[in-house]
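Student: Following is a predicted model, sequence given first.
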Amino acid sequence: MKIKNSMEDFVFSKINAILAEYGDVCKCEKCRTDIALLALNHLPPHYVCSDKGDTLTRLNLYQPENEVDMIREIAKAVEIVSVNPHHS
Ligand SMILES: [Zn+2]
């Protein structure tokens, strides 16, 4: 049985939305990955069985009080990476 961290999907989907609001931040794949790694290291993982779908976990993640914390971590990561990008 395969497991996956559904927080990854959530963070990656939110990064795109958050970066769209930061006009002057680099949006290359390397920077987006760095942002995701930083944010994911500060957020609790939500593991689900990949063959059962993660709808329930996602619904839980989308509770507003959780989402505010996650978006705050992602925004922090965006600011850190934009000041110190690792792309070439
Ligand atoms: Zn970049």
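Tutor: Arrived safely.
Student: which SSE is the residue lying closest to A75 once chain neighbours are set aside in?
Tutor: Take A75 and drop its neighbours on the chain: the residue closest to it by C-beta to C-beta, 6 or more residues apart in numbering is I18, 6.1 Å away. C-beta coordinates here come from the backbone N, C-alpha and C atoms, glycine included. Assigned by DSSP states H and E, I18 belongs to helix 6-19.
Student: So which bits of that helix are buried?
Tutor: 6-7, 9-12, 14-15, 18-19 (16 or more other C-beta atoms under 10 Å).
Student: what packs against it?
Tutor: helix 29-41, helix 55-61, helix 64-83 (3 or more C-beta pairs under 8 Å, 6 or more residues apart in numbering; DSSP states H and E).
Student: Ok, which of these comes nearest the ion?
Tutor: helix 29-41 (3.4 Å; C-beta to the ion).
Student: Now find how far off-centre the helix or strand following the closest one is within its chain.
Tutor: Using DSSP H and E, the helix or strand that follows helix 29-41 towards the C-terminus is strand 47-49. Its chain's C-alpha centre and that of strand 47-49 lie 16 Å apart, by C-alpha atoms, centre = their mean, to the nearest Å.
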